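Student: Next one to model:
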Amino acid sequence: MPAMTVRCVEELGEWLLLELQGSIDGPEDVRGLELGRIVADKNNVEMWIGNHHLKGKIVDLKNPFAVLQKATTPEGAPCMEVVALIKRQVIFKTRPRPLVSSLDP
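Tutor: You can find the predicted model right below:
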């Protein structure tokens, strides 16, 4: 594999790592798919996926991650751009709690 230039975009985004245990059933291509709802305050997070409710907290990562995207230089050579940094992660403390709605007869 040939060496590529890595450069930063002008304004880096700050992303949050959301690690889920298990799997999400759905189509193979998830682009544009609404996975659920998430509510976060300074350090706490609540997430609803389907009929499951998760509670967690936001923690700092020991080693940040860089998000890379394929690009080309002005000369047309392939390169990679750093588009965002991931410095924090959501840790879910407990297993998902199923939400049960009442069934009307």
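Student: what's the weakest-modelled helix or strand in the protein?
Tutor: Taking mean pLDDT, DSSP states H and E as the measure, the helix or strand of the chain with the lowest value is strand 97-98, at a mean of 68.
Student: For Gln69, see how far away Ser12 is.
Tutor: Actually, residue 12 is Leu. It isn't Ser. Here Leu12 is placed at a distance of 12 Å from Gln69 (CB to CB, to the nearest Å). C-beta: built from backbone N, CA, C; applies to glycine.
Student: more neighbours, those two?
Tutor: Leu12 (14 against 11; other CB atoms under 10 Å).
Student: I'd assumed Lys87 was in contact with the more buried one.
Tutor: No. Under the criterion of CB atoms under 8 Å, Leu12 is not in contact with Lys87, lying 10.6 Å apart.
Student: who are the neighbours in contact with Lys57?
Tutor: For Lys57, the contacting residues are 43-45, 90-91, 93, by CB atoms under 8 Å, 6 or more residues apart in numbering.
Student: so where's this structure shaky on pLDDT?
Tutor: Within the chain, the stretches with pLDDT under 70 are 1-2, 4, 23-24, 98-105.
Student: now the helices for it?
Tutor: Residue ranges of helices cannot be listed for the chain, since DSSP state H assigns none.
Student: who's Arg88 bridged to?
Tutor: Taking DSSP bridges as the rule, Arg88 bridges to Leu16, Asp60.
Student: Pretty sure it sits against Gly56.
Tutor: No. Taking contacts as CB under 8 Å, Arg88 lies outside contact range of Gly56: 11.7 Å.
Student: more crowded one of the two?
Tutor: More crowded of Arg88 and Gly56, by other CB under 10 Å: Gly56, with 20 against 15.
Student: Skip the chain neighbours and tell me the closest residue to the more buried one.
Tutor: The spatially closest residue to Gly56, leaving aside those adjacent along the chain, is Phe92, at 3.8 Å (CB to CB, 6 or more residues apart in numbering).
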